[in-house]
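J.: here is the input, now give the coordinates:
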Amino acid sequence: MKKTISLWQFAGFAFTSFAGTLLHFLYEWTNQSIWAAPFSAINESTWEHMKLLFFPMLIFALVEDRFLKKDFPDFWCVKLCGISVGLLLIPVLFYTYNGAIGPSPDFVNIAIFFISAAFSYWLETKLLQKEASSCNSSVKPITALLAIAVLFVLFTFATPQLPLFRDPETMLYGIR
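T.: Residues are numbered from 1 along each chain as shown. You can find the predicted model right below:
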């Protein structure tokens, strides 16, 4: 079973990496289509890059759920943990690098995305392999993930005026 988990998690990392990369460009490729905005990057802000991790990981978790959840009662708690850690790593790594070294080149920003995704899936793998159930229900973690999804959609259109949401290229917030 441990080998199966590792294969699933590697597939998740590959899917998240590929889908996140596509989502980075989707909004521009669709001529700034309003339907693409909630799920893809609408600018170069840190918040928008967090979307690129969140939605592919959530979609892959829904696929995994069909095959793994029956063997792992704490599946959704682990997924919430992994996704949350990945979402936190993106701004932590970005702002740490920029604060310590200065403005990061594109290859560093890209590496931050892949490192965050890799660490998230690695953490999930370790937690699933422990098989130590501490989750009584999947309702709370699924509700939390849905709330995060709603925030990503909401803040796409009603963007808070905070540095996390500011496009460093245009210095603007949200949809142009």
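J.: name the next helix or strand downstream of the helix or strand containing Phe60, please.
T.: For Phe60, the host element (DSSP states H and E) is helix 46-68. As assigned by DSSP H and E, the chain's next helix or strand after helix 46-68 is helix 75-100.
J.: next, the angle from the next helix or strand after that following helix to helix 46-68.
T.: Sequence-wise, the next helix or strand beyond helix 75-100 is helix 106-130, with elements assigned using DSSP H and E. Orientation check (axes from the mean of the first three to the mean of the last three CA atoms, to 10 degrees): helix 106-130 against helix 46-68 gives 30 degrees.
J.: run through who's touching helix 106-130.
T.: Here helix 106-130 makes contact (CB atoms under 8 Å, 6 or more residues apart in numbering) with 2, 5-6, 9-10, 12-13, 16-17, 20, 49, 52-53, 57, 68, 72, 74-75, 78-79, 81-83, 85-87, 89-90, 93-94, 97, 104. No exception for glycine: its C-beta is placed from N, CA and C like everyone else's.
J.: same question, stretch 75-91
T.: Taking CB under 8 Å, 6+ apart as the rule, stretch 75-91 contacts 46, 49-50, 53-54, 57-58, 61, 64-65, 68-69, 72, 112-113, 115-117, 119-121, 123-124, 127-128, 134-135, 138, 141-142, 144-145, 148, 164.
J.: nothing else from me, thank you.
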